[in-house]
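Enquirer: Need coordinates for the below:
(chains A and B)
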Amino acid sequence: MNEENSWFDKSNLRIFVLFILAFSFIYLDGTNQKYFKKTKSLINDAVSQASYVVTWPIRELLASPSYIKSIIVLKKNNEEINNLKNKVEELIVENNFLKLDSQKLKDFLAEEESYSADTVQAKIILKSKGIFSQSIVINRGSKEGVKNGSPIVKNNFLIGQVLEANYQSSRVMLLTDINSRIPVLIGGQLIQAILVGNPSSKSKVSLQYLSKKHKLENGDKIYTSDIEGVLKRGILIGSIVEVKQNETNKMQNYLIQLHYNSYQADYVSVFVSKK
Amino acid sequence: MKKQKKNYNNFLAIGLVFFSLMGNSMTKEFFVELDFNQFFNLPYLLIYFFSFNRFDYFSIFSMFVFGLISDSITGIPFGVSSVAFMLIFRIAIYQNSIRLRSMFLAEWFAFAIAILITYILILIIFYVNSRLFDYEIYIYNFLGTVLMYPFIWLILKYFFLKLERISND
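Expert: Next up, the predicted model:
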C-alpha cells in the first residue's frame, strides 16, 4: 500500500500532534492563560519586528517613486503651505471665538489639552485589513506605558483602541473591525450610543443602542465617551453625513464618515497613563 | 546543480506565501488601497497550489509555523491559521496523491471543497470563542477565492515554468 495514498500513514502522528498543539493554543488564547499570554506577547513582538525588517527593502523600493516625486513638488508645496499657514492662523482666531461661544466644546478642548502631554508617538509597522480582522501593529508596547484599551489618535481623531499590548509592540483594533465597540456622544445634545464596526455597511461603522426619541442631524459630530472608564472623553471620531428615513420601521439610518482613514497613516499617537 | 535550481524555485514559492501574509502592509505602497484580502484569500490559494504541486519546504510543520506568523499579523486567536493551513496542506497532498492533477476541473473542485471545509472550521472556532463575524463576508470571500484559483493557477504555472526553462538554459 502506498504510504501517501492513505490518511493513516506514518506521518499522521506528527500531523495529529501539530493539530492538537494548534487547538491547545486556541483554547489557551481563549482562556487568557497567564504564561501563554506572555509567550504570545513575545512571539507577537518578534513577528512584528521581523516582518517590518524583512519587508523593509521592498517597501522602500515601492515607495521610491513617491520620494522622487515629493522632491520635485517640494518647492510648490512649500508655497502652498505658507498660504495655508496664513489661512490656518485666521481660522485659529475664528476658532478661539467659537471656543468661547460653546461651553461644551470648550470643556472638550480643555480636557484634550490636559491629556495632550500623555501621548507617545508610534510608528505603524504592520497593517492587516482582511476578513478576519482590521487592525494595525504599532512599535510601542507596555514598556512605554501602553495598555489594553489605550486610545489611538491621528490628527486628534480616534482611529482605534489597543487590543493587545505586548512588551515592545501593540495591536490596535481599528474602529471598522467587526469586534470594535466604542461608547460615543453625538451632536450638541451629547446623545449616548455605541459605535460598532460594520465592515459590510457603506460607512464601515454603525450606531447601536441609540435612543429612539433622539433624532440626529447632518453634520452632528461624534465624540468618545468616558462612560466605560477606558477612553478619554471628547476625542473626535467622525460625523453624521447623511440621514435617511426607513419607511418600513420608521427608523432613521445614519451614514457616518470617519474623519481619518487609518490605513493612510504611518505614525499615530497613543494615550498612555503616566500614573 | 539541478537541485540548486529546484531549491531556488522552492525558496521563491515560500517567499510568495510569506509576502501574501504581509497583506496590506505591502499593498499600501502602490498608492492604492488594494483590499484584495477582502475579496479572496491569497495565502490559502498559494498554499494549496504549492502543496498540490509538491514544492519543497511545504510541510505540515512549516504550515504550522506559517499559521502562527499569520495569526500574529492578523490578530486572530493563536492556532486558528495553523489549523487552516495544515488542513489545506493535508487535503492538497491527499488530492495530489489520488492523481487528481490530471484534470484541472477536478483540482479546482477539490480546492473549493478544501476551502469550504477550512472556512466552516474557522467559523466554528470563532463561534466557540465568542468572536463576532459577518458570515456574508466569508461567503463572498469563499466565492472570490474559488473563482480566482484558475487565474492564479495560470499565472503561477506560467511563471514557474518560465523560471524553470530559464534556469535550464
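Enquirer: Grab the longest helix from chain A for me.
Expert: helix A:34-72 (DSSP state H).
Enquirer: close to chain B, is it?
Expert: Yes: remark: helix A:34-72 sits within contact range of chain B at A:40, A:43-44, A:47-48, A:51, A:54-55, A:58-59, A:62-63, A:66, by C-beta under 8 Å from any C-beta of the partner chain. In short, each C-beta sits where N, CA and C put it, glycine included.
Enquirer: Take those and lay them out in TSV including pLDDT and distance to residue A:146.
Expert: Shown next, in TSV, are the residues of helix A:34-72 next to chain B (pLDDT from 0 to 100; distance: C-beta to C-beta, whole Å):
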residue	pLDDT	distance to residue A:146
A:40	86	16
A:43	87	18
A:44	86	13
A:47	85	18
A:48	83	13
A:51	80	19
A:54	78	24
A:55	74	23
A:58	73	28
A:59	70	24
A:62	72	29
A:63	71	27
A:66	74	30
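Enquirer: Most neighbours out of those residues, which is it?
Expert: Neighbour counts for the residues of helix A:34-72 next to chain B peak at residue A:44, which has 25 neighbours (criterion: other C-beta atoms under 10 Å in any protein chain shown).
Enquirer: All the helices of the stretch 1-150 of chain A, residue numbers only.
Expert: With DSSP state H, counting those that start in this stretch as the definition, the stretch 1-150 of chain A shows helices at residue ranges A:12-30, A:34-72, A:74-101, A:103-114.
Enquirer: Out of the ones you listed, which one sits most buried?
Expert: Most buried of the helices of the stretch 1-150 of chain A by mean neighbour count (mean count of other C-beta atoms under 10 Å in any protein chain shown) is helix A:12-30; its value is a mean of 16.
Enquirer: on contacts alone, who are the packing partners of that one?
Expert: Where contact means 3 or more C-beta pairs under 8 Å, 6 or more residues apart in numbering or on different chains; DSSP states H and E, helix A:12-30 is packed against helix A:34-72, helix B:60-74, helix B:80-97.
Enquirer: Give me the contact list for that helix.
Expert: A:36, A:40, B:60-61, B:64, B:67-68, B:77-80, B:82-83, B:86, B:90, B:125, B:128-129 (C-beta atoms under 8 Å, 6 or more residues apart in numbering or on different chains).
Enquirer: hang on, isn't residue A:132 packed against residue B:74?
Expert: Yes: using C-beta atoms under 8 Å, residue A:132 is in contact with residue B:74, at 4.9 Å.
Enquirer: And those two? Which one has more around it.
Expert: residue A:132 (28 against 22).
Enquirer: Leaving out the residues flanking it, which one is nearest to residue B:126?
Expert: residue B:133 (5.1 Å; C-beta to C-beta, 6 or more residues apart in numbering or on different chains).
Enquirer: Pass me the low-pLDDT residue ranges in chain A, would you?
Expert: The model of chain A has pLDDT under 70 over residues A:1-10, A:96-117, A:227-230, A:249-250, A:262-264, A:273-275.
Enquirer: Mind doing that once more with 50?
Expert: Scanning chain A for pLDDT under 50 picks out the ranges A:1-4, A:114.
Enquirer: what secondary structure does the most centrally placed residue in chain A sit in?
Expert: With distances taken as C-alpha atoms, centre = their mean, the residue of chain A nearest its centroid is residue A:160 (2.3 Å). What DSSP: H, G, I helix; E, B strand; the rest coil gives for residue A:160 is strand.
Enquirer: So which bits of the stretch 101-250 of chain A are right by chain B?
Expert: Near chain B, when you scan the stretch 101-250 of chain A using C-beta under 8 Å from any C-beta, you find A:125-133, A:135, A:137, A:163-164, A:171, A:173, A:178-179, A:199-200.
Enquirer: tilt between the longest helix of chain A and helix A:12-30?
Expert: Counting by axes from the mean of the first three to the mean of the last three C-alpha atoms, to 10 degrees, helix A:34-72 lies at 80 degrees to helix A:12-30.
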